[in-house]
Each structure stands twice: as C-alpha cells, then as structure tokens.
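Peer 1: Fold the following and give me the result.
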Amino acid sequence: MTDELATFVDRYTMRHQRTYPHPIERVWEAVTTAEHLDAWMLPVCQVEARLGGSWSFTFADPDGVAMEGVIVEFDPPRVVADPPDDATAEINLKMSADDAHRFWQGKLNMTVALAKKQVQVAGPMAKMMKLLPALRPAFPRYVEFLQANGHADKVL
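Peer 2: Sure thing, here's the model as predicted:
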C-alpha cells in the first residue's frame with residue numbers, strides 16, 4: 001500500500017491512489033462490485049460497472065442519504081473514474097486539513113465549527129446537515145485505515 005493518504009489536485013479535489021499487494025483482478029473486483037464495496041466501504045452500494053454506468057453509495061442504511069454518479073472513464077482492470085474534471089459538487093465544504101482529520105475521527109463538532117467559521121459551506125446547508133449523521137459509520141473505518149496503514153500516530 002502507498003504511504004501517502006492522498007494528494008491535492010487543486011483546492012477542491014483530493015486524489016486517492018493506492019497500490020495493494022494483491023492481484024489486480026482482486027482489487028478491481030473490490031472497487032467495482034456492490035458486494036465487495038458493501039463489505040469495506042459503505043453499507044449499501046450499487047455499481048453498473050461499465051462506461052456510462054451509474055453508481056450509488058448510501059450512508060447508514062438503505063433509506064439513508066445517497067451519493068450518486070456516472071462512470072466517465074472505464075478501463076478494466078486499471079481505471080474506473082467519476083466525475084469528469086469539470087464537474088461541480090452540490091455541497092462544498094472548506095476547512096483546514098487538521099479539522100477534516102478531526103471530523104473523520106468523529107472529534108469535530110460540526111455545529112460549533114460552522115458557528116466559529118472553522119468550516120465554510122457552499123450549497124444547501126439543510127442537505128449537508130442531513131448528511132452528517134449518515135457519515136458516522138465511516139469514522140471507525142477511517143481510524144482503522146490509519147492504524148492498518150502505519151499511521152496509528154495520527155489517531156486522535
């Protein structure tokens with residue numbers, strides 16, 4: 001696995017690139033099939049693994065908030081990408097890397113951070129606030145990821 005958690009393409013884009021000690025076919029299956037995504041990423045995932053195919057990741061439960069998109073680059077077993085470079089997000093959050101790190105460990109009170117202007121939101125605030133509780137199941141996974149990849153010293 002690579003040591004770097006992510007690189008920043010620009011102010012709003014973070015790129016995650018990983019190298020795993022597994023056959024590429026196994027990794028491909030883990031990132032392109034709902035069955036495998038459900039096991040390691042989010043509770044309810046749907047993927048139409050093809051160019052132009054749709055994907056949906058639902059937080060918390062089948063009735064939770066869904067993130068959806070379309071696959072815009074597909075080159076099995078090497079590349080699956082979404083969204084296009086010129087796509088815009090419905091909700092943009094701006095915060096320091098330290099605050100984001102605290103958030104993903106469940107250590108940042110978002111309401112207080114918003115009031116103190118530590119976090120700035122562009123987009124529908126009500127939708128963003130509705131999404132926050134659905135992200136809680138990801139917090140322990142972030143901590144597990146840090147620990148499993150030699151970053152236990154970064155756990156708060």
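Peer 1: C-alpha only now, for contacts and for neighbours.
Peer 2: Will do.
Peer 1: low-confidence ranges in this protein?
Peer 2: Applying pLDDT under 70 to the chain picks out residues 1-6, 11-17, 42-43, 59-65, 79-89.
Peer 1: can you map out the strands along it?
Peer 2: Assigned by DSSP state E, the chain shows strands spanning 7-10, 13-15, 44-47, 54-58, 66-70, 73-75, 79-81, 92-94, 120-122.
Peer 1: Ok, which of these comes nearest Lys130?
Peer 2: strand 66-70 (11.2 Å; C-alpha to C-alpha).
Peer 1: Export the strands of the chain as JSON lines, with columns for distance to Asn109.
Peer 2: Below are these laid out as JSON lines (distance: least, C-alpha to C-alpha, whole Å):
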{"stretch": "strand 7-10", "distance to Asn109": "25"}
{"stretch": "strand 13-15", "distance to Asn109": "23"}
{"stretch": "strand 44-47", "distance to Asn109": "26"}
{"stretch": "strand 54-58", "distance to Asn109": "23"}
{"stretch": "strand 66-70", "distance to Asn109": "22"}
{"stretch": "strand 73-75", "distance to Asn109": "37"}
{"stretch": "strand 79-81", "distance to Asn109": "32"}
{"stretch": "strand 92-94", "distance to Asn109": "14"}
{"stretch": "strand 120-122", "distance to Asn109": "14"}
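Peer 1: which non-adjacent residue is nearest Cys45?
Peer 2: Phe57 (4.5 Å; C-alpha to C-alpha, 6 or more residues apart in numbering).
Peer 1: Burial check on the one you found, number of neighbours?
Peer 2: 22 (other C-alpha atoms under 10 Å).
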